[in-house]
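Novice: give me coordinates for this.
(one chain, ligands or ions: 1)
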Amino acid sequence: MMNPELVNKFRTLQTPFYYYDLDLLRNTLDNIQKHGIDKGYHIHFAVKANFNHRLLQIIRDAGLGIDCVSGPEIERAIEAGFKPEQIAFAGVGKTDDEIRTGLKYNIFSFNCESLQELSVLNELASEAGKKANVAVRLNPNIKAKTHKYITTGLTENKFGITPDKLPELFKILPELKSLNLKGIHFHIGSQIRDMEPFRQLCEKINIIREQFEQEGIELEHLNLGGGFGINYDHPDKEPIPDFKHFFELFSQNLDVSKNQQVHFELGRSIVGQCGNLISKVLFVKKGISTNFAIIDAGMTELIRPALYQAKHRVDVLTSSKSKKYYDVVGPICETSDTFRKDIELPELQRGDLVAIRSAGAYGEVMSSNFNLREKVNTYYSDELL
Ligand code: LLP
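Specialist: Below you'll find the predicted structure:
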C-alpha cells in the first residue's frame, strides 16, 4: 500500500506517528458528493471521529456540515470555518455551559435526548432571549449488529427518547415557547456493515414521522445519524466505503415529503481509511506458543483493539522475508495492550516499521497520556511526498 519512497521518509521520522493520506480523504469526499450531496442529502461530519485541523479544513472545503457532541467541539468547528447553520449538537449529557455555547451561535440543531433536556434548553434559550432549533433524538430499538459498546439504538442504551414518550412530548411541546422543533434524529450505532439495520431504521422512521404529522407537526428535517462502517480487514480493497449502495438504500426505503431535508452524520466512513499509525518494532520475543512483536505504539495511541476488540490490519513496511506468526503488542503495562493475536507477517526484527491501518477514525482523538506517554506527531501525505 505504501510506496518505497514514502517508507524511506518514514524511516527518518520518530515513531510512532499518525500518517494521513489526504488524497484518499479528498477522493472519499468526492464520492460522498457524487452519491450523497448531489442526490440532495445533507452530510455532517461527526467531528468526534477526528478533530484534526487539516482534515477539518478539507472536509469543510468539500461543503460538509458538522456534528458535535460537546461545547469545545462546537468551538473547534467554528474555528475551522464551519458555519453555525451547519452544526448539529447531540449528546445525552449536555451541560448548561455547552447549551449556552450552542445558543450563542444559533446552531442548526440541538439534538435533544430527553424530555428534561428539552425543558432545560427551553429555559436557557428563554434566558438568552433566543429560540433554539431542536430535533428530538428518538431511540428506535433497532439492533445495529455491531460491538455492544458502540450500539446506541436499543432501548437498553442511554440514548434518545423512546417512542412511548411521544404522547408526553406532544403534550409539553406547545409550552416550550423558546424551542423551534425542526426535526427528528436517530443514530443506531457505529461500524455497521450489514445494511439490514439501516433498512429497519427507515421503516421505523416512516411510522414515527407520520405520528408527528398526525399531530400537525411539520418536520423540516429527518436526521439519520451516522454509523456506516469500513472494511478493516481489507483497507486496500475497499479504501472508500460503498456510499452509492448506502445512500441508495435510503432513497429506496425512506419516505420523505417535499421540502423535507434528510441529514446524515458520518464519521468513521469519511476519515477511517485515510489514517495510519506507523510504529517501529522494538523487540521480537520468542514465547512458548507464539512470537511477540513488541512495537513502540500502544493502546495510548490507538485504544480500539483494547476497548472494542477491534482488529486493525497490520502491514509490515520494511520486510518481505518468509512468514511467521506473531502477537503484535504495545509497550503499555497491561495485557489489553495487544493489537493483533496470532497473525502471519513477514519475519520481523528490531527496527522494522509497521503500519496499523484504518486508524483515521477514533484513533488519534482517543489517545491518552497513560504511562505519561506524550502525544505523538502527525504527518500528512502532501508534506512527505
Ligand atoms: N452521530 C452520533 C449521534 C454519534 O453518536 C456518532 C458516533 C456518530 C454520529 C458517528 O458515527 P460513525 O459514522 O462514526 O459510526 N469510538 C468508537 C465509535 C463511537 C461512535 C460514537 N458515536 C469506535 O472507535 O469504534
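Novice: what pLDDT does the residue nearest to Leu266 when sequence neighbours are not counted get?
Specialist: In space, Leu266 comes closest to Gly226 once its chain neighbours are excluded; the distance is 4.6 Å by CB to CB, 6 or more residues apart in numbering. From N, CA and C alone the C-beta is placed, and that goes for glycine too. With respect to pLDDT, Gly226 has a value of 97.
Novice: likewise for Met1?
Specialist: Met1 is assigned a predicted lDDT (pLDDT) of 62.
Novice: let's have the chain start at 47 instead
Specialist: With 47 as the first residue, the last one maps to Met47.
Novice: touching, the residue nearest to Leu312 and Arg314? I think so.
Specialist: Yes. If you go by CB atoms under 8 Å, Gly272 and Arg314 touch, sitting 7.3 Å apart.
Novice: any idea how far Asn337 is from the residue nearest to Leu312?
Specialist: 38 Å (CB to CB, to the nearest Å).
Novice: what's next to stretch 143-152, contact-wise?
Specialist: By CB atoms under 8 Å, 6 or more residues apart in numbering, the residues outside stretch 143-152 that reach it are 116-117, 120-121, 124, 130-131, 133, 135, 137, 140, 156, 166-167, 170-171, 174, 176, 178-179.
Novice: if we can go back for a sec, ok, the residue nearest to Leu312 - how many residues close by?
Specialist: For Gly272, the tally of surrounding residues (other CB atoms under 10 Å) stands at 24.
Novice: now do the helices in the stretch 147-296 of the chain.
Specialist: Secondary structure of the stretch 147-296 of the chain (DSSP state H, counting those that start in this stretch): helices located at 161-173, 212-218, 242-260, 289-299.
Novice: any idea which of those helices gets closest to Glu380?
Specialist: Proximity to Glu380 (CB to CB) singles out helix 242-260 among the helices of the stretch 147-296 of the chain, at 33.2 Å.
Novice: got a list of contacts for that closest one?
Specialist: Contacts for helix 242-260 (CB under 8 Å, 6+ apart): 184, 186, 188-191, 199, 209, 212, 230, 232, 234-235, 238, 264-265, 268, 270, 273, 292, 295-296, 299-301.
Novice: in strands, which of those residues fall?
Specialist: Residues of the contacts of helix 242-260 located in strands (DSSP state E): Ile230, Leu268.
Novice: return only those of the contacts of helix 242-260 found close to the ligand.
Specialist: When CB under 6 Å from any ligand atom is applied, the members of the contacts of helix 242-260 adjacent to the ligand are Gly273.
Novice: from the chain's centroid, how far away is stretch 227-235?
Specialist: With CA atoms, centre = their mean, to the nearest Å as the basis, stretch 227-235 stands 16 Å off its chain's centre.
Novice: extract the CA atoms of it and return them as PDB.
Specialist: The C-alpha coordinates for stretch 227-235 follow below in PDB (Å, rounded to 0.1, in the frame of the first residue of the first chain):
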ATOM      1  CA  LEU A 227     -39.000  21.800  16.700                       C
ATOM      2  CA  LYS A 228     -37.300  21.300  13.300                       C
ATOM      3  CA  GLY A 229     -36.700  17.600  13.000                       C
ATOM      4  CA  ILE A 230     -36.200  14.100  14.400                       C
ATOM      5  CA  HIS A 231     -32.900  12.500  14.900                       C
ATOM      6  CA  PHE A 232     -31.700   8.900  15.100                       C
ATOM      7  CA  HIS A 233     -28.300   7.200  15.500                       C
ATOM      8  CA  ILE A 234     -28.400   3.400  15.900                       C
ATOM      9  CA  GLY A 235     -24.700   2.600  16.300                       C
END
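Novice: now do the same for that stretch: mean pLDDT, whole number.
Specialist: Rounded mean pLDDT across stretch 227-235 is 97.
Novice: His267 - nearest residue in space that isn't next to it in sequence?
Specialist: Gly229 (3.7 Å).
Novice: ok so, going back, from the contacts of stretch 143-152, which land in strands?
Specialist: Counting by DSSP E, the contacts of stretch 143-152 contribute Ile133, Phe135, Phe156, Ala178, Asn179 to strands.
Novice: check what pLDDT the first one gets.
Specialist: Going back to what we said before, that points to Ile133. Looking at Ile133, its pLDDT is 98.
Novice: enumerate every residue touching it.
Specialist: Going by CB under 8 Å, 6+ apart, the list of residues near Ile133 reads 90, 111-114, 120, 123-124, 148, 151, 153-155.
Novice: same question for the last one.
Specialist: The neighbourhood of Asn179, defined by CB under 8 Å, 6+ apart, consists of Asn152, Ile153, Phe154, Ser155, Phe156, Asn226, Lys228.
Novice: which residues does stretch 56-72 contact?
Specialist: So stretch 56-72 is in contact with 48, 98, 100-101, 104-105, 108, 285-286, 316-317, 319-326, 341-343, 347, 363-364, 399, 401, 405-406, 409-410, 422-428, 430, going by CB under 8 Å, 6+ apart.
Novice: returning to what we had before: want to throw the helices of the stretch 147-296 of the chain into CSV with mean pLDDT?
Specialist: Shown next, in CSV, are the helices of the stretch 147-296 of the chain (pLDDT from 0 to 100):
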stretch, mean pLDDT
helix 161-173, 98
helix 212-218, 96
helix 242-260, 96
helix 289-299, 98
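Novice: need the ones you listed in a markdown table (columns: mean neighbour count).
Specialist: Shown next, in a markdown table, are the helices of the stretch 147-296 of the chain (neighbours: other CB atoms under 10 Å):
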| stretch | mean neighbour count |
| --- | --- |
| helix 161-173 | 17 |
| helix 212-218 | 14 |
| helix 242-260 | 16 |
| helix 289-299 | 16 |
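Novice: can I get these in JSON lines with distance to Leu52?
Specialist: Shown next, in JSON lines, are the helices of the stretch 147-296 of the chain (distance: least, CB to CB, whole Å):
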{"stretch": "helix 161-173", "distance to Leu52": "47"}
{"stretch": "helix 212-218", "distance to Leu52": "54"}
{"stretch": "helix 242-260", "distance to Leu52": "36"}
{"stretch": "helix 289-299", "distance to Leu52": "27"}
